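**Student:** Sequence first, then the predicted structure:
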Amino acid sequence: MKSNPAILAAVFATACCTTLVCLAADKPNVVIIMVDDLGAESVGAYGNTGFSTPNIDRLATEGALFDSAYGTPSCSPSRAMILTGLYTNKSGIMERLGQGTQNRLPAHIPGFGKMFKANGYKTAIAGKWHLGNFDWYPNHPVAHGFDEYFLAPGTYDGVKSSIYFDPTVWENGTLTQYVGQYGPDMRCDYICEFMQRNKDGPFLAYYPMSLVHKPFHKPPLLDGRIKHNLTNPGKDNDQFGLMVSYMDHLVGRVLDKIEELGIAEDTLVIFTADNGTPAAITSLLGDLKVQGGKLHLKESGYRVPYIARWPGKIPVGQRDSFFTHADLFPTLAGLTDLPMKHEVSGRDLSHNFLGKPGKDREFVHLAWEGGFYMVRDKRFRIHENSKLYDIPVTSNQARYSEQECSSPGDFPEAFRLLSAELTEYQKIKKTDDSYKIIPFKGHKKHIQRAPGLEGKEPVKIMVVDSRRKSSK
């Protein structure tokens with residue numbers, strides 16, 4: 001008896017229902033929006049009264065807002081932590097990555113990009129990378145699990161490029177300067193187009209914005225498109241405020257696209273930032289003025305917004321439990337029910353998102369450039385120099401006061417507990433010694449190339465001097 005090819009094909013297709021596509025069929029889409037240089041105190045949903053963030057505020061009313069969420073005081077350490085779930089002293093990325101031969105997040109370190117890709121997701125990243133130089137590691141995002149990328153190179157072959165006006169873009173192995181375009185619009189376009197192409201899901205869209213990083217400026221096409229209450233756009237604080245408004249406008253575009261595609265119920269949206277607001281910026285929390293703390297080991301340096309929305313899954317409301325960038329990767333695995341096959345520093349805190357009982361994080365740990373370490377609980381923070389700060393999370397006035405205890409002996413039990421926790425945390429060592437981080441010293445001309453690229457010429461930049469259509 002001859003076999004019927006059609007029947008065999010049908011049987012084979014049924015058997016293949018354990019393939020990645022079938023396994024991912026009932027999984028949610030995941031959209032992660034990470035803003036650059038935006039402390040929690042600069043967001044309306046966290047009490048800010050000086051800047052305008054209506055779209056982020058709307059997201060907060062539709063999901064969970066974490067009141068005590070933390071990153072690090074600077075860019076690369078936060079980006080490595082959020083991607084890998086590793087503490088900075090575990091990944092080795094404790095400093096901002098400058099221009100050097102070994103400056104990158106090693107490709108063998110697991111991350112959420114690899115997890116989603118391995119489980120049938122289409123994956124893309126658009127925005128800012130800052131985890132490795134593209135002239136040294138051209139397909140670095142692909143090595144970390146992203147099918148496609150549309151990123152600002154920052155510097156390529158020793159030449160610094162714009163992230164805002166007339167931007168240069170590193171897109172899937174090509175380098176292009178778009179004259180007459182505004183970089184944030186293009187990167188938002190890419191994320192929206194990626195979601196459009198993959199609306200049947202599941203997909204991971206990682207959108208680490210360049211806004212609101214300096215240089216401070218007035219974004220284009222501002223008037224008539226977004227509302228703001230700032231009157232002196234020539235000043236840093238007001239230019240920053242205009243950038244915040246435009247950033248919020250782009251967040252709104254992504255949320256609107258999700259609604260337009262009819263996938264809101266099937267999409268988990270995370271909004272956060274890498275680190276605190278720049279020190280040149282003052283945020284208003286009613287009558288309280290909070291100076292930005294980026295690059296400083298204080299509350300305004302590493303407290304960041306964290307908002308999560310998944311209609312029908314994540315109950316609306318504020319969460320008072322601790323959450324850190326190291327927790328995002330394992331929590332994403334928990335929320336999407338995907339397997340994690342390796343150890344991370346962070347914790348699966350999906351129960352906090354879902355409004356269920358579970359073990360919460362007791363401490364926030366941070367290791368940062370220059371050998372600075374700290375551990376925080378809900379009231380006190382201790383540093384590697386044994387200084388103890390009394391900064392309870394009970395109010396903005398208290399948490400941003402940076403009140404140093406006159407003597408640690410005034411709170412012996414807190415000092416003992418935090419000192420012991422800090423001692424254990426300082427024992428953590430990076431995953432291996434196969435790479436070396438060169439401290440950030442500005443942009444320098446490259447003399448060498450990465451292994452395997454020594455004899456190859458750098459990718460030539462193409463120039464496009466025509467308008468790229470921007471979806472509204």
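**Tutor:** Perfect, thanks for sending it. Numbering: from 1, shown residues only.
**Student:** Do a quick rundown of the strands in the stretch 251-400 of the chain.
**Tutor:** 267-273, 282-285, 288-291, 306-309, 317-324, 364-368, 372-376, 380-383, 388-390 (DSSP state E, counting those that start in this stretch).
**Student:** Can you say which of those is nearest to residue 337?
**Tutor:** Taking Cβ to Cβ, strand 267-273 is the member of these nearest to residue 337, at 11.9 Å. All C-beta spots, glycine's among them, are computed from the backbone N, C-alpha and C.
**Student:** For that closest one, which strands pair with it and how are they oriented?
**Tutor:** Sheet partners assigned to strand 267-273 using DSSP bridges are listed as strand 29-35 (parallel), strand 306-309 (antiparallel).
**Student:** want to throw those strands into TSV with distance to residue 49?
**Tutor:** TSV is the format used below for the strands paired with strand 267-273 (distance: least, Cβ to Cβ, whole Å):
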stretch	distance to residue 49
strand 29-35	19
strand 306-309	18
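**Student:** which of those strands sits most buried?
**Tutor:** Among these, strand 306-309 has the highest mean neighbour count (mean count of other Cβ atoms under 10 Å), at a mean of 26.
**Student:** Need the contact partners of it.
**Tutor:** With contact meaning Cβ atoms under 8 Å, 6 or more residues apart in numbering, strand 306-309 is reached by 45, 56, 59-60, 62-66, 69, 268-272, 314, 323, 353.
**Student:** Check stretch 362-372 too.
**Tutor:** 68, 70, 72-74, 77, 87-89, 94-96, 297, 302, 322, 324, 373-377, 383-384, 418, 421, 425-426, 428, 439.
**Student:** can you give me how far that stretch is from the chain middle?
**Tutor:** Put simply, stretch 362-372 sits 18 Å off its chain's centre (Cα atoms, centre = their mean, to the nearest Å).
**Student:** just to revisit the earlier point, quick one: which of the strands paired with strand 267-273 is nearest residue 290?
**Tutor:** Nearest of the strands paired with strand 267-273 to residue 290, taken as Cβ to Cβ: strand 29-35 at 17.0 Å.
**Student:** I'd like the next helix or strand past the closest one.
**Tutor:** Going down the chain from strand 29-35, the next helix or strand is helix 54-61, by DSSP states H and E.
**Student:** For that following helix, buried residues please.
**Tutor:** Using 16 or more other Cβ atoms under 10 Å as the test for burial, helix 54-61 gives 54, 55, 56, 57, 58, 59, 60.
**Student:** Beta-bridge partners for the nearest residue to residue 271 once chain neighbours are set aside, please?
**Tutor:** Spatially, and ignoring its direct neighbours in sequence, residue 271 is nearest to residue 307 (4.4 Å; Cβ to Cβ, 6 or more residues apart in numbering). Here residue 307 sits in beta bridges with residue 65, residue 271, as judged by DSSP bridges.
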